[in-house]
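In: sequence unknown, structure follows:
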């Protein structure tokens, strides 16, 4: 049933069907990598960044990984960065960055407020979300003490 629905969406909403969807995904990937082909200025309206999918506050147990998601629009395609206390987050053992049309930040139990920033020549958009980390000990105590 899911496959049928996906096929229906591809056929009814994308003029080129599956080929059109693959092209859209390819363009999003290229835009993220900074390899988007030049487009004549009159073909696309200039647009400041807008965050259309905001990261939600998260709560995890110690040792667990949390995931924040952020999706942006704008033209030219905004550059997106994640920040922790004003410092740019780079990929490491604790932080994993990924993009597939949505920007992801995976964090291994580091309690803080994280900011997603989208920037292009016409503006900046930011949004923040907090990560709370709880110990297993607290969870056990709360569940068993009455």
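Out: Perfect, thanks for sending it. Note that the structure is predicted; figures quoted are calculated from it, not measured.
In: show the end-to-end separation of stretch 86-105, please.
Out: As for stretch 86-105, its first-to-last residue distance stands at 16 Å under the measure C-alpha to C-alpha, to the nearest Å.
In: same question for stretch 79-92.
Out: 20 Å.
In: again with stretch 89-103
Out: For stretch 89-103, the end-to-end distance is 13 Å (C-alpha to C-alpha).
In: and it, what's buried?
Out: Buried residues in stretch 89-103, defined by neighbour count with 16 or more other C-beta atoms under 10 Å: 89, 95, 103. Heads up, the C-betas are built off the backbone N, CA and C, glycines and all.
In: so where's this protein shaky on pLDDT?
Out: Scanning the chain with the threshold set as pLDDT under 70 gives 1-21, 23-24, 26-43, 137-146.
In: could you chop it up by domain?
Out: As given by automatic domain parsing, the domain ranges for the chain are 1-37, 40-144.
In: number of residues surrounding the closest residue to residue 94 other than its chain neighbours?
Out: Closest residue to residue 94 in three dimensions, ignoring its sequence neighbours and counting by C-beta to C-beta, 6 or more residues apart in numbering: residue 108, at 5.2 Å. Here the number of neighbours of residue 108 (other C-beta atoms under 10 Å) works out to 16.
In: which ones are touching residue 108?
Out: Residue 108 makes contact with 63-65, 93-95 under the criterion C-beta atoms under 8 Å, 6 or more residues apart in numbering.
In: kindly report the same for residue 124.
Out: Under the criterion of C-beta under 8 Å, 6+ apart, the contact list for residue 124 reads 48-49, 117-118.
In: which residues in the chain form strands?
Out: For the chain, strands defined by DSSP state E occupy the ranges 47-53, 58-61, 65-75, 79-84, 87-88, 95-99, 103-108, 112-120, 123-134.
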